[in-house]
Every structure is written in structure tokens, then in C-alpha cells.
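Novice: Please work out how this folds:
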Amino acid sequence: MLETLKARAEALESGRENAVQMVRRALDRIRDPQGEGERAFVTVHAEQALAAAAAHDGLRAAGAAPSPYAGIPISVKDLFDLKGEPTPAGSTAHADSAPAKQDAPAIARLKAAGFVVVGRTNMTEFAFSGLGLNPHYGTPSSPWDRAARRIPGGSSSGAGVSVADGMAAAGIGSDTGGSCRIPAALCGTVGYKPTAGSVSREGVVPLSMTLDSIGSMAPSVDCCRIVHEVMSGQALPATPARDIAGLRLAVPQTVAFDDIEPYVAELFERRLKQLEAAGARITVLPLKEFAEVASINAKGGFAPPEALAWHRKLIAERGSEYDGRVLKRIMRGQEQSAADYVELIGRRADFIRRIEAVIAPFDAVVMPTVPMIAPRIADLEADEDLFTRVNMTMLRNPTLINVMDGCSISLPMHVSGEAPAGLMLSAAGGHDAALFATAEAVETALAA
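Specialist: Below you'll find the predicted structure:
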């Protein structure tokens, strides 16, 4: 059972544990030769983390801790600026970039609240895949069926593993098409993608300036809420606690269940029945608008041209160092003309307007986060066609929500011993507070 942020805060407040002890536990998990720390992290900040923890212990003893969470260890995805360090973004081509002059604002806010960064986590190179494979730094495996070495999900691969393995209390990541929710689903944690723009993207290596959002993976919905409020610098509007009874949940019938594996389908149906028995009102919704996303993204969508604009100079200088699968996806940006891009903006705006009208009567849209369990890393490394097919499958459902500019959260829907799988709740953009309230009610009902 993973420790929540509030449980850790209570342990610190009561004196049952101090920050140095808590950070040491995290570092011990990272260093465990039987674990995945070496692949989950690209850099470990052991000395700095212990020094920060000791400082917060002193502040707490003096009654001056900056927040209840001061001294709690977190991990940070390798695409965030940390003062004095380069920002490799999972790539050797960018590993010797100029040291950052300051922390990314999202990370600076977490540090100001007293969270302790234990290290930078591994990721898909430049965040351009939903699988989590990285040929430069290795690929950490999902905590389930470790002997088979299954993918952790991406692109925030190390972040998901760091939380699932107790190497961090929360993992900070980015989500452009599922990069917080996919690792959460495959590693058995909660993963949150907020409304894009609600957390500053300054100091973060971009994939898509249109779709990128800054989120987290953590043990619970409440943990993700706490981290989101700190990173955004704003408390969410007060929302009354919700009871599962009467919650209106829409289950889309278009796209979301295509080619779903029987295990995931059965697990999802089991959880729906559990929610319905607890009083949730489940509505089967055609939501045919989801079928339009493939057409909207027919030439690659926003990520390739927006990524190419950022990468063009680096590719010209060091393109041979890129993961070939990532480079291929970035270069798809050449397929779009300026007119194509302008048309894409217009089509997405129209799609958002229409789909928000359809889902307005519901508290959340609910579907499997991904329609399959984690495949073996070796199988994907050996078969380029399989890699491409599985990558598109993993990204498919989460991407629907990014295209509609929504907010979304993945909750574990398996039980201990089963293959991890996620249940994804989503709402229109700007409804983060309401979605958190809905997700907490669902989380409580599923735990029952």
C-alpha cells in the first residue's frame, strides 16, 4: 500500500518519522540492486535531497515548516529545468545543454512548499511516445510481472515507476497525449492531466505548445490534487465532497473500446457494475464526435509540426543521436503546410465546442485509460511495426481528451496481483475542481 501525502505529512507532524528518514527510505529504494532505480532515474540528487530534508527538519522543529509537506520526497521528469543542471529530456543530443538558470516555475513552487527533489526520472526521448522505451538510458519496467519486463508506459516512464516502487511520494510529469495517465495505468497509480495551461509550462522542454500539460502521478486522487494546487500556485475552487450516489457518468461507445483486450473489458465492466450498485447513474453515450479525432490528426496533429519548430536546429546539428522512432515522428511535421496547420486549429476549436455541449449533462466521461495490459519491452524493441501499433493503441483514449482540451485522471481499477489497468475519468477543460471531487467519490467506491 503506497503512502499518501497526507499520511506522510501526519507522520512528520507527529514525529513518527523525520524528513531525513523519509528521504533516506526513498534513496534506499532507488539504490536497491534488485529494483528499477537505475533505469527509473537518470540523475539522483542524494546529497542535495538529504541536505534539504535536514533543513526542513530544522524548520519543523522551530515551527517554521513552509507547509505540512515539507521534507516529502518527489521525483521530477527529465524535461523540467532544475537550476544549475542541463535538461536532457531523455536524450543524449540535449544532455550537454546549457545549465538552467533557474528551476521551472512548477518545480520552484513545489520546492517552496518544502517538497524534496530526489532526482530526475527517465522518459521517452523528448516525450514523443506513450510506451516509455528509451535506447539511451534504458527502460524501467512496470512493477507487475517484473520477470517478463513489461513496459512502464510513457512518456513519463520513470515517474510512474518511481511512485509505484516507493522511490518518491509523487512523480511530476507532462501529458501531451497521455504521458501521465498511461504510466499511472500500467504501474498501478493515480495519474492526473490538468487543463492545459493551468500549470506553467515555462522551463519545460516542449513537445506540443498546444497540447502539453503539467501533471503528476501519485498514490491517490487527493495527492494529485495537492500537487496540482502547489504547482499551479492557486487553490482550486471549493467543491463540496461528492457521494457516488447520483453521480452522472457517461460511457462513450465510439473509439474508446475498439480492439479492447478481454481482460481490460471485463475489469472495466466489473468496476462499472460496482459504481452502479453504489448509486452512480451510468449512461451509455454514442459520443460519435470521438470518431473525428483520427481525421483531425490525419497528418499527425499538433505535435509533429510544433515539435519540429523547436527541434529543427538541434536535428540539423545532432540528428544522428536521436532515437530513430522519435526522429521519424518529429519529421512528420514536414508533411503539414501552413494552411494545414491553420485548418487544424479551426477543426479542433469546432470539435471542442460540439463535444463540450454533448458531455455537459454529465459529471465525467468514463472509459479504460488504455485498452490493453503492458506488453513486454523486448517484443517492442524487436518489432518496429508492433511498436508503432502498440504506441498508437496506448495513446488513443488519453489523446481524445487532450484534443478536446479537457482535464482527466486515471485511477487503478485492478486488485493486487492482477495486471494493472486504469479507469479514466474526464471532463471539459476548466472543470478540474469538479473532476477531482468526482474522482474522489469514485475512488472511495472502488476501494469498497
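
Novice: where along this protein do the strands fall?
Specialist: 41-44, 73-77, 116-121, 170-175, 190-193, 213-218, 248-252, 281-285, 364-368, 407-412, 422-427 (DSSP state E).

Novice: Of all those, which one comes closest to Glu317?
Specialist: With C-beta to C-beta as the criterion, Glu317 lies closest to strand 41-44 of the strands of the chain, at 21.7 Å. No exception for glycine: its C-beta is placed from N, CA and C like everyone else's.

Novice: Quick one: mean pLDDT over that closest one.
Specialist: Across strand 41-44, the average pLDDT comes to 98.

Novice: could you dump the strands of the chain to TSV with mean neighbour count and distance to Gly153?
Specialist: As requested, the strands of the chain are arranged in TSV below (neighbours: other C-beta atoms under 10 Å; distance: least, C-beta to C-beta, whole Å):
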stretch	mean neighbour count	distance to Gly153
strand 41-44	21	17
strand 73-77	30	13
strand 116-121	28	13
strand 170-175	31	11
strand 190-193	31	9
strand 213-218	31	10
strand 248-252	20	22
strand 281-285	14	26
strand 364-368	26	13
strand 407-412	29	10
strand 422-427	28	9
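
Novice: Of all those strands, which one comes closest to Gln21?
Specialist: For Gln21, the closest of the strands of the chain is strand 73-77, at 10.8 Å, according to C-beta to C-beta.

Novice: most centrally placed residue in the chain?
Specialist: Among the residues of the chain, the smallest C-alpha distance to the mean C-alpha position (C-alpha atoms, centre = their mean) belongs to Cys180, namely 1.0 Å.

Novice: Next, the angle strand 364-368 makes with the lengthiest helix in the chain.
Specialist: With DSSP state H applied, the helix covering the greatest number of residues in the chain is identified as helix 338-359. Taking axes from the mean of the first three to the mean of the last three C-alpha atoms, to 10 degrees, one finds helix 338-359 and strand 364-368 inclined to each other by 110 degrees.

Novice: wait, doesn't Ile296 sit right on Ala349?
Specialist: No. Proximity of Ile296 to Ala349 does not meet the contact threshold set by C-beta atoms under 8 Å, at 10.7 Å.

Novice: coming back round to it: how about the strands of the chain in JSON lines, adding distance to Gly84?
Specialist: Output for the strands of the chain, formatted as JSON lines (distance: least, C-beta to C-beta, whole Å):
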{"stretch": "strand 41-44", "distance to Gly84": "12"}
{"stretch": "strand 73-77", "distance to Gly84": "14"}
{"stretch": "strand 116-121", "distance to Gly84": "12"}
{"stretch": "strand 170-175", "distance to Gly84": "18"}
{"stretch": "strand 190-193", "distance to Gly84": "28"}
{"stretch": "strand 213-218", "distance to Gly84": "21"}
{"stretch": "strand 248-252", "distance to Gly84": "46"}
{"stretch": "strand 281-285", "distance to Gly84": "50"}
{"stretch": "strand 364-368", "distance to Gly84": "41"}
{"stretch": "strand 407-412", "distance to Gly84": "33"}
{"stretch": "strand 422-427", "distance to Gly84": "36"}
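
Novice: nearest to Ile315, of the ones you listed?
Specialist: Nearest of the strands of the chain to Ile315, taken as C-beta to C-beta: strand 170-175 at 20.6 Å.

Novice: starting at the chain centroid, how far to the closest one?
Specialist: For strand 170-175, the separation from the chain centroid amounts to 5 Å (computed by C-alpha atoms, centre = their mean, to the nearest Å).

Novice: Name the strands paired with that strand and say parallel or antiparallel.
Specialist: Sheet neighbours of strand 170-175, with direction, are listed as strand 73-77 (parallel), strand 213-218 (antiparallel) (DSSP bridges).

Novice: Would you mind listing the outside residues contacting the longest helix of the chain?
Specialist: Counting contacts by C-beta atoms under 8 Å, 6 or more residues apart in numbering, the residues outside helix 338-359 that touch it are 250, 285, 287, 289-290, 292-293, 296, 299, 301-302, 305, 336, 365, 403-405, 427-429.

Novice: so who does Ala100 touch?
Specialist: Ala100 makes contact with 81-87, 203, according to C-beta under 8 Å, 6+ apart.

Novice: Spatially nearest residue to it (excluding sequence neighbours)?
Specialist: In space, and not counting its chain neighbours, Ala100 is closest to Asp81: 3.6 Å by C-beta to C-beta, 6 or more residues apart in numbering.
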